[in-house]
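1. Fold the following.
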Amino acid sequence: MREFIRLQLKLKWGYNRNNNKASAAMTGLAALFAVAVALGLVLALTYVLRTSLQTTGKELAQLYLTVIMAGLTVAATGMQMNRLYRPADLKISARFPLSPFKLFVGYLVLNYIDLCIYTAILTLPVMVVFGIAMDCFTGLYVLGMLLGTILMPLVPFALSVFAAIPLVYAAALLEKHGAVRLILFVAILAGCFVLYNRILTELAQFFIRRNWQQGTLEIWKGLLEGLDAYYNPAFYLGNVIFFDGWALGLGVLLGGSALLIAAGTALARVVCADIRKRALETGFGKNRRRSEMDGYGSGRAILRYGFKEILRTKTYAYFYLGVAISTPVMVFFCHRLVTLVGEAQVGAGINFGASMLVMSVFMAMISSFSGTVLSVEGKNFYITKLIPVPYRKQLLIKGSLAVGVSLAALAISVVVACSLEFLNAGEAAALVAAQILLAAGLVFNGINLNLANPSLKPKANGEAEEINIAYMLLIGLALSAVLGAIGIIFPRVFDGGKFWAYGYTIGAAALYALINFAVYWFTVDKKYGKIEG
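-> The predicted model follows:
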C-alpha cells in the first residue's frame, strides 16, 4: 500500500519531463498573479480593519481561517467523491494486488495528503501577510501558525467524509439524466446569484442612505463577532495559533475530528464497497449508444458533433451552457444593482454603460471556453488531421457554435432589458452591435490562444481543465472594464457623448475582433500543422 500511495503522489505532484514547458510557465505566472492579488487584498483589508476597529488579532484571523476552512471542505468533498466512489481507474484498481480495504485506506491517505498540501499553500502565505499587517510576527506567532497549518486539514477532512456520501448518491440518481442535471445547475446558479444580488442590493441601499464608512465598520464588526463563537471550528484554531486557550482549542480539534473521522470512515467504507461492487458488476460500456453514419455534410456534422461535445462534457454543459442559459436572469439583477448604485453616485443616464459592462462580463464568461476548442479533443485530436476538411474550416465551424451560444444569451438579455425599459431602441442596437463583435473577437482570441498553447494530454474524466480558460476570463474582464468605462464616462464628459460612446464601444470591439481574426486567418494552418496529438 505504501508503494501505491507513493506512485499516486508522484503521478499528481511529481515532475514530468514531457510536460509542455510553455504551458507550465503560463500556468505558473497565472498562479503567481492570483496569489499576489489575493495576498494584496488580505494585506489591505487587515490594515484597514486593524486601524478602524477595536479588535484583537485572533478575532480578525478567524475571518481568514473560516474562509480557508470552507474552501478546503469543498475541495476535500470533491476529492472524496472522485477517488472513493467514482474513480476513473476503477477497472484497473480492481486488479491491484491490494485488498479492497487497503485500497480504501490508501485513497483516504492520499486525500488527506493532498489536503495538507493545499492547506500549506493557502494558509501559510495568508497568515504570514496577516502577521506582518497586524505587527504580530513574532517567534511565538510563527510557532502557532505552523501548528495551525498542521491542524487545519482535520475538520475539512472529517466533514468531507460525511458530505460526500449524500452527494454521490444524488449524482448517481441523476447520472443518466443530463438535462435534469443541467436544469438543476442553472436553477441553483440563478438562485445563488439572486441571493448574492439581494445581499449586495441591501448593502448598497444601506450605504446610500447612511454614512458609508460607519455602515461598513458596523457590518465588519458584526461579522467578526459572529465568527468569534464556539460553533465555529476556526475559533478553536485561532486559540491554538495565538496560544489563547490553546489547550481547549487543541483538545476540541483533535477529539472532535477523531470522532468524526472514525464514524465517517466506517460509514464510507460500507458505502464505497457497495458502489464499487455495483459498478464492476454492471460494467462500464453497457447501454451506450453506438455511433451511426448520419449522412450529414462535413460542416453540419462538425457543428452537430461540437454541440454534442458540449452536452456530454460536464464542464462545458454546466459552466458554458449553464451560464449562457442563466445569463438573462443574472443580467437583469446585475443591471438593476449597477443602476441603483450608479444613479445614486453618478446620476441618471448610465444605463447604456452599465448594460455594456454587465453584458461584456457575461460574454467573456461564455466565450472563455473557446480557449479549449482544440484541447478538448484530447487523445482524439489526430482525427481532426485525418478528416478531409481544412483546418480553418473546422475551427470556423466550432467558433461559430461558440458565437451562436453567446448571441442567443445576448438576444434574450437585450429583450429583457428593453421590456423593463433599461434600454431604448438606439442603446439596444449599439449594445447588440458591440457585443456581437466582442463575442467574435473573444472566440477568435481563444482559438488563437489554444493554437499557441494546446494541451492534448488525455484526461481521465474528459473535462476541459485548461489554463487558457483563466486567461480568456482575464482578457474578457479587462475588455469589459474598458467598454463599460467608455459607455459610462463619455456621455458625461463630451457634448453628444452618448453617440460618441456608441461609436467608440463598437469601434473598439470591431478592432479587437479584426485583429484576432487576422491573426487566426494568417497563422492557423501553420500552427495547426505543428501540433502533434
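
2. List the buried residues for stretch 371-384?
-> 371, 372, 373, 374, 375, 376, 377, 378, 381, 384 (16 or more other Cβ atoms under 10 Å). All C-beta spots, glycine's among them, are computed from the backbone N, C-alpha and C.

3. now swap in stretch 522-533 and tell me
-> With burial defined by 16+ other Cβ under 10 Å, the residues of stretch 522-533 counted as buried are 524, 527, 528, 531, 533.

4. pretty sure the third one contacts residue 450?
-> No - counting by Cβ atoms under 8 Å, residue 528 stays clear of residue 450, with 10.4 Å between them.

5. I'd like the buried residues of stretch 522-533 laid out as a markdown table, including distance to residue 35.
-> Formatted as a markdown table, those follow (distance: Cβ to Cβ, whole Å):
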| residue | distance to residue 35 |
| --- | --- |
| 524 | 34 |
| 527 | 31 |
| 528 | 34 |
| 531 | 31 |
| 533 | 31 |
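
6. With distance to residue 254, secondary structure and pLDDT as extra columns, can I get those in a markdown table?
-> Output for the buried residues of stretch 522-533, formatted as a markdown table (distance: Cβ to Cβ, whole Å; DSSP: H, G, I helix; E, B strand; the rest coil; pLDDT from 0 to 100):
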| residue | distance to residue 254 | secondary structure | pLDDT |
| --- | --- | --- | --- |
| 524 | 59 | helix | 86 |
| 527 | 56 | helix | 84 |
| 528 | 57 | helix | 82 |
| 531 | 52 | coil | 79 |
| 533 | 50 | coil | 55 |
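
7. quick check, nearest of those to residue 425?
-> Among those, residue 524 lies closest to residue 425 (Cβ to Cβ), at 38.2 Å.

8. And that closest one, how far from residue 441?
-> As for residue 524, its distance to residue 441 is 16 Å (criterion: Cβ to Cβ, to the nearest Å).

9. do residue 110 as well
-> 43 Å.

10. What pLDDT does the model give residue 285?
-> For residue 285, the pLDDT comes out at 45.

11. How far off centre is the longest helix that the chain contains?
-> Counting residues, the longest helix found in the chain (DSSP state H) is helix 246-282. Centre-to-centre, helix 246-282 and its host chain are 28 Å apart (Cα atoms, centre = their mean, to the nearest Å).

12. What's the mean pLDDT across that helix?
-> Mean pLDDT, helix 246-282: 83.

13. Kindly report the same for stretch 40-58.
-> Regarding stretch 40-58, the rounded mean pLDDT is 81.

14. cool, and stretch 107-124?
-> Averaged over stretch 107-124, pLDDT sits at 89.

15. Give the buried residues for it.
-> If you call a residue buried by 16+ other Cβ under 10 Å, then stretch 107-124 has these buried ones: 107-116, 118-119, 122-123.

16. before we move on, which element is residue 513 in?
-> Assessed by DSSP states H and E, residue 513 sits inside helix 497-530.

17. helices or strands up against that helix?
-> Counting contacts by 3 or more Cβ pairs under 8 Å, 6 or more residues apart in numbering; DSSP states H and E, helix 497-530 packs against helix 351-367, helix 391-419, helix 425-452, helix 467-493.

18. Give me the angle between that helix and helix 391-419.
-> Computed by axes from the mean of the first three to the mean of the last three Cα atoms, to 10 degrees, the angle separating helix 497-530 from helix 391-419 equals 150 degrees.

19. And helix 497-530, what's buried?
-> Neighbour-count burial for helix 497-530 flags 497-498, 501-502, 504-506, 508-510, 512-513, 516-517, 519-520, 524, 527-528 (criterion: 16+ other Cβ under 10 Å).

20. per-domain residue ranges of the protein.
-> 2-177+211-282, 298-530 (automatic domain parsing).

21. which of the helices and strands packed on helix 497-530 sits most buried?
-> The highest average neighbour count among these, using mean count of other Cβ atoms under 10 Å, belongs to helix 351-367 at a mean of 26.

22. counting contacts, what elements does that one pack onto?
-> Judged by 3+ Cβ pairs under 8 Å, 6+ apart, helix 351-367 is in contact with helix 322-345, helix 391-419, helix 425-452, helix 467-493, helix 497-530.

23. now for the ones you listed, which one comes closest to residue 144?
-> helix 467-493 (34.0 Å).

24. Point out the other helices and strands that that closest one packs with.
-> So helix 467-493, by 3+ Cβ pairs under 8 Å, 6+ apart, packs with helix 21-52, helix 351-367, helix 425-452, helix 497-530.

25. In TSV, list those along with distance to residue 301.
-> Output for these, formatted as TSV (distance: least, Cβ to Cβ, whole Å):
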stretch	distance to residue 301
helix 21-52	30
helix 351-367	24
helix 425-452	19
helix 497-530	19
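
26. Of all the helices and strands packed on helix 497-530, which one is nearest residue 241?
-> Closest to residue 241 of those is helix 467-493 (Cβ to Cβ; 31.7 Å).

27. Would you check how far apart residue 147 and residue 123 are?
-> In this view, residue 147 and residue 123 are 11 Å apart by Cβ to Cβ.

28. Correction: the previous question concerned residue 519.
-> Separation of residue 519 from residue 123 (Cβ to Cβ) stands at 42 Å.

29. Check residue 163 too.
-> For residue 163, the distance to residue 123 - Cβ to Cβ - is 21 Å.

30. cool, and residue 132?
-> As defined by Cβ to Cβ, residue 132 lies at a distance of 15 Å from residue 123.

31. re the thing from before, mind checking the helices and strands packed on helix 467-493 for the one nearest to residue 70?
-> Nearest to residue 70, of the helices and strands packed on helix 467-493 and by Cβ to Cβ, is helix 21-52 at 15.0 Å.

32. got the angle for the next helix or strand after that closest one vs helix 246-282?
-> Using DSSP H and E, the helix or strand that follows helix 21-52 in sequence is helix 57-80. Angle, helix 57-80 to helix 246-282, by the same axes, to 10 degrees: 10 degrees.
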